[in-house]
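J.: Sequence below, structure please.
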Amino acid sequence: MKDKIDHIINLSLNIITDKGINLKELYPEDLFTHCLGVAHLAIALGIEYNFNLQDLLDLGVGSLVHDYGKIEIAEKILNKSGALDNSEYQLIQSHTSIGYRELKQYSFNKRTDGVSVF
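T.: Residues are numbered from 1 along each chain as shown. Okay, here's the model as predicted:
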């Protein structure tokens, strides 16, 4: 199953790259690793539930861009070791709206366009 998951992730990354977005360059390493992990788990579940290829690709793309809005937030806030103050917390919470706003210009498809909001 790992080979199939890796293949779907690579296809998903290609879909994103074809839109002109290089996540490996845009995301800090830990965020890229996190999104790959989310994609791996989501695709594994999709395979277990017998999703078709398009559904698996939608899961892959959505998982890889679900935290896209975090690229607009300072790393010192994202990586803060202590408690966030109220304004920092609100900024972190806004990453979903930021991601949606930034990604909608690329129009992946209707199913993945809103994934960064959740």
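
J.: What ranges does the chain have for its helices?
T.: Per DSSP state H, the chain carries helices over the ranges 2-18, 23-26, 29-48, 53-65, 75-78, 86-93, 95-103, 110-113.

J.: Highest mean neighbour count out of those helices?
T.: helix 53-65 (a mean of 22; mean count of other Cβ atoms under 10 Å). Glycine gets a C-beta too; all of them are placed from N, C-alpha and C.

J.: So what's the gap between stretch 74-91 and the chain middle?
T.: Remark: stretch 74-91 is offset 20 Å from the chain centroid, using Cα atoms, centre = their mean, to the nearest Å.

J.: List the contacts of the nearest residue to Phe51 once chain neighbours are set aside.
T.: Counting by Cβ to Cβ, 6 or more residues apart in numbering, Leu59 is the residue found nearest to Phe51 once chain neighbours are left out, at 7.1 Å. Residues near Leu59 by Cβ atoms under 8 Å, 6 or more residues apart in numbering: Ile8, Ala39, Ala42, Ile43, Leu45, Gly46, Phe51.

J.: Adding pLDDT, write these out as a markdown table.
T.: Output for those, formatted as a markdown table (pLDDT from 0 to 100):
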| residue | pLDDT |
| --- | --- |
| Ile8 | 97 |
| Ala39 | 98 |
| Ala42 | 97 |
| Ile43 | 98 |
| Leu45 | 97 |
| Gly46 | 97 |
| Phe51 | 97 |
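
J.: For those, which two are the farthest from each other?
T.: Taking Cβ to Cβ, the two most distant members of these are Ala39 and Phe51; they sit 13.4 Å apart.

J.: just to revisit the earlier point, can I get the contacts of Leu59 in CSV with distance to Asp18?
T.: Listed next are those as CSV, based on distance: Cβ to Cβ, whole Å:
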residue, distance to Asp18
Ile8, 15
Ala39, 17
Ala42, 20
Ile43, 19
Leu45, 25
Gly46, 21
Phe51, 22
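
J.: of all those, which comes closest to Lys76?
T.: The nearest one, if we look at the contacts of Leu59 relative to Lys76 and count by Cβ to Cβ, is Ala39, at 26.5 Å.

J.: So the closest one sits against Gly60, correct?
T.: Yes: between Ala39 and Gly60 there is a contact at 5.2 Å, judged by Cβ atoms under 8 Å.
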